[in-house]
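Trainee: Let me see the structure of the following:
(one chain, ligands or ions: 1)
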Amino acid sequence: MEVGFLGLGIMGKAMSMNLLKAGFKVTVWNRTLSKCEELVEHGASIGETPAAVIKKCKYTIAMLSDPAAALSVVFDKGGVLEEICSGKGYVDMSTVDATTSSQINEAITKKGGYFLEAPVSGSKKPAEDGQLVILAAGDKTLYEEAIPAFDVMGKKAFYLGEVGNGAKMKLVVNMIMGSMMNAFSEGLVLADRSGLNQQTLLDVLDLGAISNPMFRLKGPTMIEGNYPPAFPLKHQQKDMRLALALGDENAVSMPVAAASNEAFKTARSLGHGDSDFSAVHERTRDRRRF
Ligand SMILES: NC(=O)c1ccc[n+]([C@@H]2O[C@H](COP(=O)([O-])OP(=O)(O)OC[C@H]3O[C@@H](n4cnc5c(N)ncnc54)[C@H](OP(=O)(O)O)[C@@H]3O)[C@@H](O)[C@H]2O)c1
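Mentor: Predicted coordinates:
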């Protein structure tokens with residue numbers, strides 16, 4: 001099966017590499033072209049533009065940072081729309097809002113192409129291990145045709161119905177995760193300042209009802225003040241912002257998420273946008289400011 005892949009960031013690189021290793025023929029494109037080199041060493045071809053990739057492949061997957069990037073790759077010069085046509089499928093796995101996804105769907109289907117949104121739950125390591133959870137919505141036929149690729153990239157794919165449902169599900173999940181991260185960070189600081197051992201707190205948490213892989217994975221590095229980017233903080237803040245907008249639309253009051261968004265914004269303004277989202281801990285434990 002020949003697939004195109006647009007966007008070779010932390011996630012896209014790992015996902016496209018798994019497709020190559022599983023025997024797919026992959027044509028890649030990335031805004032910063034040099035990031036294609038490692039994939040080429042593993043057998044990928046390069047497309048000069050998103051349009052060139054679409055022209056070559058029946059199916060193209062995108063994994064881009066945010067709504068602006070997802071729209072730019074479709075609508076701008078050399079973009080997806082220039083070559084999408086009847087019989088070609090476009091699967092956008094980026095985390096965006098439902099409106100962005102619907103705009104892309106409308107433009108692609110107008111040209112005869114078919115569209116699926118398929119954001120993912122899971123981070124760098126699950127992407128490398130092919131263990132993502134895929135939240136797909138849109139064209140059912142394309143969903144079924146994409147299953148061999150989803151089986152390589154993920155451990156489970158959900159089909160959620162009409163375009164927008166995948167985006168919304170992903171935003172709800174990440175809103176919960178962002179709020180949990182802030183509560184966890186505050187707990188670590190409170191333990192420390194009140195004279196408790198933070199590692200003991202991690203041990204206690206891990207044995208109880210709120211034990212989870214995120215606390216287990218991020219806790220030790222947060223204690224060390226070490227935040228190698230698996231999920232960049234700027235993307236987590238984007239997801240909080242988009243989830244809050246979804247709350248606005250549906251008149252859902254979300255004071256916990258709103259406060260968490262502020263914490264991530266502050267962390268961004270302190271220069272932690274490209275660090276892992278757990279770097280929000282730097283904001284919590286900064287004695288001078290809070
Ligand atoms: N990392 C995670 O744990 C994780 C987990 C689940 C979902 N996600 C979501 O998956 C998506 C990708 O995340 P990531 O962690 O891989 O991000 P990343 O490492 O920051 O990569 C972002 C990708 O988007 C490209 N891009 C950014 N702006 C662009 C533009 N205007 N035009 C064209 N390309 C553009 C970047 O190209 P350049 O290389 O040229 O900058 C890069 O390929 C995001 O929506 C994120 O929220 C991430």
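
Trainee: what bridges to residue 3?
Mentor: Listed by DSSP bridges, the beta-bridge partners for residue 3 are residue 26, residue 59.

Trainee: Isn't it up against residue 54?
Mentor: No - using CB atoms under 8 Å, residue 3 is not in contact with residue 54, being 11.1 Å away. Just so you know, the C-beta spots here come from the backbone N, C-alpha and C atoms, and that holds for glycine as well.

Trainee: Please enumerate the shared neighbours of the two.
Mentor: Listed as contacting both residue 3 and residue 54 by CB atoms under 8 Å, 6 or more residues apart in numbering are residue 60.

Trainee: Between the two, which is the more surrounded one?
Mentor: In terms of neighbours (other CB atoms under 10 Å), residue 54 is the more surrounded of residue 3 and residue 54; the figures are 29 against 23.

Trainee: Distance from the chain centre to the helix or strand hosting the more buried one, please.
Mentor: Assigned by DSSP states H and E, residue 54 belongs to helix 50-56. Distance, stretch centre to chain centre, for helix 50-56: 23 Å (CA atoms, centre = their mean, to the nearest Å).

Trainee: now residue 240: how far from residue 95?
Mentor: From residue 240 across to residue 95, the span is 11 Å (CB to CB, to the nearest Å).

Trainee: which residues are common contacts for those two?
Mentor: With CB under 8 Å, 6+ apart, residue 240 and residue 95 have common neighbours residue 174.

Trainee: related to what we said a few turns ago, which residues sit against the helix holding residue 54?
Mentor: 2, 4-6, 27-29, 45, 47, 60, 62, 73-74, 78-84, 88, 90.

Trainee: From these, keep the buried residues only.
Mentor: The neighbour-count test (16 or more other CB atoms under 10 Å) marks 4-6, 27-29, 45, 47, 60, 62, 73-74, 79-84, 88, 90 as buried among the contacts of helix 50-56.

Trainee: So which of those residues reach the ligand?
Mentor: When CB under 6 Å from any ligand atom is applied, the members of these adjacent to the ligand are residue 73.

Trainee: Which of the buried ones among the contacts of helix 50-56 fall in helices?
Mentor: Per DSSP state H, helices hold the following members of the buried ones among the contacts of helix 50-56: 73, 74.

Trainee: I'd assumed residue 94 was in contact with residue 70.
Mentor: Yes - the pair residue 70 and residue 94 passes the contact test of CB under 8 Å, sitting 4.9 Å apart.

Trainee: can you list residues touching both of the two?
Mentor: Common neighbours of residue 70 and residue 94 (CB under 8 Å, 6+ apart) are 62, 64.

Trainee: mind checking the end-to-end distance for stretch 91-99?
Mentor: 16 Å (CA to CA, to the nearest Å).

Trainee: Flag every buried residue along stretch 247-264.
Mentor: Buried, per 16+ other CB under 10 Å, within stretch 247-264: 247, 254, 257, 260, 261, 263, 264.

Trainee: for stretch 141-154, same thing?
Mentor: By neighbour count on 16+ other CB under 10 Å, the buried set for stretch 141-154 is 142, 143, 145, 146, 149, 150, 152, 153, 154.

Trainee: quick check, nearest of the buried residues of stretch 247-264 to residue 20?
Mentor: When the buried residues of stretch 247-264 are compared for distance to residue 20 (CB to CB), residue 264 comes out closest, at 33.8 Å.

Trainee: Could you find the closest non-adjacent residue to the closest one?
Mentor: Spatial nearest neighbour of residue 264, excluding adjacent residues (CB to CB, 6 or more residues apart in numbering): residue 237 at 3.8 Å.

Trainee: distance of the one you found from the ligand?
Mentor: 10 Å (CB to the nearest ligand atom, to the nearest Å).

Trainee: what's the neighbour count on that residue?
Mentor: There are 24 residues near residue 237, going by other CB under 10 Å.

Trainee: Run through the residues that contact it.
Mentor: For residue 237, the contacting residues are 261, 264, 265, 267, 268, 273, by CB under 8 Å, 6+ apart.

Trainee: try 10 Å
Mentor: Contact analysis of residue 237 by CB atoms under 10 Å, 6 or more residues apart in numbering lists 178, 260-268, 272-273, 277, 280.

Trainee: Just the pLDDT at it, thanks.
Mentor: Predicted confidence (pLDDT) at residue 237: the value is 98.
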